[in-house]
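Asks: whatever this is, show me its structure:
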Amino acid sequence: MGSVSEAHVVDELHTGWKRCLPVVAPGKRLAVIGYACAALLGVFFLVVLYRNVRAVDSEKPWVYLSDLRPESVTQDWGLLERNRSVDRNPLTIGPVRFPKGLGTHANSRICYRLDRRYREFSAAVGVDAEVAAPGGSVIFRVLGDGQVLYASPVVSGLREPLVIRLDVGSVDELCLVAADAGDGINSDHADWGGLRLAR
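Replies: Have a look, this model is predicted:
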């Protein structure tokens, strides 16, 4: 994490005072010094706070895929939605609502570059509850560098989410596939709930 040295702050304060004092009446110089000091110290602490927040964020042990930009997306119906269903409702699989995740539709394929930077992939998958039961029939697959790492059974509406946890430490490209079950794509609203990568 970068830091601002105390010597640098002192130099900045001293430079600011020298520039403003010659044009200020002697009786008011103390007040000007006080205002300048407060302003410069305020900026200094904001810079330090910003850098600390950036450092903490970069040191999180995991990252949500919905916060990353996919390398490529193909989808037979609708648009890929972040943190909501393909119909732009809250992501809900069975009785469980997910604040983070991806809402898509069969047939879809969403790919991310990992470049072996992450250790584990986890997610909960299912057909979104916005589909009337027992609507939808989706097969979820996770591919690592073109190889199938996970394939679900046929999943239909109002079913409990299926939990996935995979080792992706040696994976360069991760692809999430939602496929129809051979009966067309009608009502195949496919959710990837809470999907994230552990470092």
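Asks: C-alpha only now, for contacts and for neighbours.
Replies: Fine.
Asks: elements contacting the longest strand along the chain?
Replies: Using DSSP state E, we find that the single longest strand of the chain is strand 189-198. Applying 3 or more CA pairs under 8 Å, 6 or more residues apart in numbering; DSSP states H and E, one finds that strand 189-198 makes contact with strand 62-64, strand 91-93, strand 101-105, strand 120-127.
Asks: who's in contact with the first one?
Replies: Contacts to strand 62-64, defined as CA atoms under 8 Å, 6 or more residues apart in numbering, come from residues 100-101, 194-199.
Asks: let me know the closest of these to residue 172.
Replies: Nearest to residue 172 out of those is residue 197 (CA to CA; 13.0 Å).
Asks: the closest one and residue 120 touch, don't they?
Replies: Yes - the criterion here is CA atoms under 8 Å, and residue 197 meets it with residue 120 at 5.6 Å.
Asks: who's more crowded, the two?
Replies: Neighbours were tallied for residue 197 and for residue 120 using other CA atoms under 10 Å; the higher tally belongs to residue 197 (22 against 17).
Asks: can you name the residues that contact the more buried one?
Replies: Residues near residue 197 by CA under 8 Å, 6+ apart: 62-65, 118-122.
Asks: can you check residue 175 too?
Replies: Counting by CA under 8 Å, 6+ apart, residue 175 touches 109-112, 142-146.
Asks: quick one: residues in contact with stretch 155-172.
Replies: Under the criterion CA under 8 Å, 6+ apart, residues 93-96, 113-129, 131-139, 144-145, 149-150 lie in contact with stretch 155-172.
Asks: now do the buried residues in that stretch.
Replies: Judged by neighbour count (16 or more other CA atoms under 10 Å), stretch 155-172 contains these buried residues: 155-162, 164, 168-169, 171-172.
Asks: ditto for stretch 115-125
Replies: Those would be 118-125, for stretch 115-125 by 16+ other CA under 10 Å.
Asks: want to throw those into TSV with distance to residue 82 and pLDDT?
Replies: Formatted as TSV, the buried residues of stretch 115-125 follow (distance: CA to CA, whole Å; pLDDT from 0 to 100):
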residue	distance to residue 82	pLDDT
118	21	97
119	23	97
120	21	98
121	17	98
122	17	98
123	14	98
124	15	98
125	14	98
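Asks: coming back round to it: ok, the buried residues of stretch 155-172 vs residue 179, which is closest?
Replies: The closest of these to residue 179 turns out to be residue 155 (CA to CA; 10.4 Å).
Asks: how is the protein divided into domains?
Replies: By the assignment in automatic domain parsing, the chain contains the domains 6-58, 62-198.
Asks: got any ranges where this protein has weak pLDDT?
Replies: 1-59 (pLDDT under 70).
Asks: break down it into its helices, ranges please.
Replies: Using DSSP state H, the helices of the chain run over 6-20, 29-58.
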